[in-house]
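Undergrad: Here's a sequence, model it:
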Amino acid sequence: MTTLALITDATSLDDDYDMPPLRDACQALALDVRICNWDDPDQDWSRFSHVVLRSPWDYTRRPDAFLDWCAHVSKVSRLVNPLPAVRWSLDKHYLADLAKAGLAVIPSTFIESKALAQTMLDAFLQVHPGLDELVVKPTVGASSRNVRRFLRADAMQALQHAETLLDAGHSVILQPYLASIERQGETDLVYINGIYSHAIRKAALLARDGTTNAPNLGFLSACEATATERALASAALQAASRTLGLDAPLLYARVDLIHADDGQPQLLELEILEPSLSFPLAEGSAMRFAQALAGLE
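TA: Numbers count the residues shown, from 1 in each chain. Below you'll find the predicted structure:
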């Protein structure tokens, strides 16, 4: 019987609300799946037909080790999503690729060195003269870790946060904080095998006091994506496939959108590495994912 590994880590499994319904759906289909920690040194990955990334969320603290592990798994098994997608999407510099492809991406400025931090921040604020708030975050991260929002008047604090991240070895991304998220939230569209499955609405997670609300089910609700949102999400996935040279749809993807002041959606993130897919909020979605796993070749 084919055996699949569903990948997590020792600290993240308890927070992975997708895993229980996915495990149950796999069992209903008589799929032989094992829940494994990616950094288990005793695991023989060649025994699995496919190794499926689900919640290895501590990789942000060890991205090089994680990528080395992904490369090893790709040699002895089938990594899902595939290694090129993992490498590309692990770092939010991919947003620049999607913007160059003509996608409506939330404006993003990247800071690569502490020496340029002040200059880049000043330029960002000059390009956005009416901006009330901005977001400063590392280009490699998950669960809003080290992501902060700042008032324009607190630009010095924003600079200090950027410099702290740069000192820690991160590249930094600056983005406008769009006020619409306070009213409309963020729309996350989930795709399975390239086909739209469902969408959820995520409430604002970043508080002005510097704290971050955990992105748990209490901040999520089911919703139906609009035709405009679905068009942008599909275009983002198509652009990613062209960029990566993929010849088949990704098994899973989550496209995160926020609405600009004119009401049009903008791409915040394209999550194709290890996204939460909100199975508990979308009836039948865990089974659709399990059926996709059953069809892996």
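Undergrad: Poorly predicted segments of the stretch 1-150 of the chain, please.
TA: For the stretch 1-150 of the chain, the stretches with pLDDT under 70 are 1.
Undergrad: quick one: the helices in it?
TA: For the stretch 1-150 of the chain, the helices defined by DSSP state H, counting those that start in this stretch cover 19-28, 63-76, 83-89, 94-100, 117-127.
Undergrad: Reformat the ones you listed as JSON lines; add distance to S180 and mean neighbour count.
TA: (C-beta placed from N, C-alpha, C; glycine too.) Compiled in JSON lines, these are given as follows (distance: least, C-beta to C-beta, whole Å; neighbours: other C-beta atoms under 10 Å):
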{"stretch": "helix 19-28", "distance to S180": "31", "mean neighbour count": "17"}
{"stretch": "helix 63-76", "distance to S180": "31", "mean neighbour count": "15"}
{"stretch": "helix 83-89", "distance to S180": "25", "mean neighbour count": "18"}
{"stretch": "helix 94-100", "distance to S180": "19", "mean neighbour count": "17"}
{"stretch": "helix 117-127", "distance to S180": "19", "mean neighbour count": "15"}
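Undergrad: Run through the residues that contact the residue nearest to E112 when sequence neighbours are not counted.
TA: Once flanking residues are discounted, E112 sits nearest to S171: 5.4 Å by C-beta to C-beta, 6 or more residues apart in numbering. Contacts for S171 (C-beta atoms under 8 Å, 6 or more residues apart in numbering) come out as D91, H93, F110, I111, E112, P138, T139, V140.
Undergrad: hmm, back to that, I'd like the helices of the stretch 1-150 of the chain as JSON lines, with distance to G295 appended.
TA: Shown next, in JSON lines, are these (distance: least, C-beta to C-beta, whole Å):
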{"stretch": "helix 19-28", "distance to G295": "13"}
{"stretch": "helix 63-76", "distance to G295": "20"}
{"stretch": "helix 83-89", "distance to G295": "18"}
{"stretch": "helix 94-100", "distance to G295": "27"}
{"stretch": "helix 117-127", "distance to G295": "45"}
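Undergrad: of all those helices, which lies closest to S234?
TA: helix 94-100 (12.9 Å; C-beta to C-beta).
Undergrad: Give me the residues contacting the closest one.
TA: 88, 105-106, 108, 110, 173, 236, 239-240, 243, 267, 269-270.
Undergrad: Top of these by number of neighbours, please.
TA: L270 (27 neighbours; other C-beta atoms under 10 Å).
Undergrad: next structured bit after the one helix or strand that one maps to?
TA: Assessed by DSSP states H and E, L270 sits inside strand 265-271. Remark: after strand 265-271, the chain's next helix or strand is helix 285-294, criterion DSSP H and E.
Undergrad: all helices for the stretch 151-297 of the chain, in order.
TA: Using DSSP H, counting those that start in this stretch, helices in the stretch 151-297 of the chain cover 155-167, 180-184, 227-244, 285-294.
Undergrad: Please name every helix or strand in contact with the second one.
TA: Applying 3 or more C-beta pairs under 8 Å, 6 or more residues apart in numbering; DSSP states H and E, we find helix 180-184 packed against strand 252-259.
Undergrad: again, but for the last one
TA: For helix 285-294, the elements it packs on are helix 19-28, strand 186-192, strand 195-202, judged by 3+ C-beta pairs under 8 Å, 6+ apart.
Undergrad: Contacts for the first one, please.
TA: It refers to helix 19-28. If you take C-beta under 8 Å, 6+ apart as the criterion, helix 19-28 is touched by 4, 6, 8, 13, 33, 35, 54-55, 279-280, 286-287, 289-290, 293.
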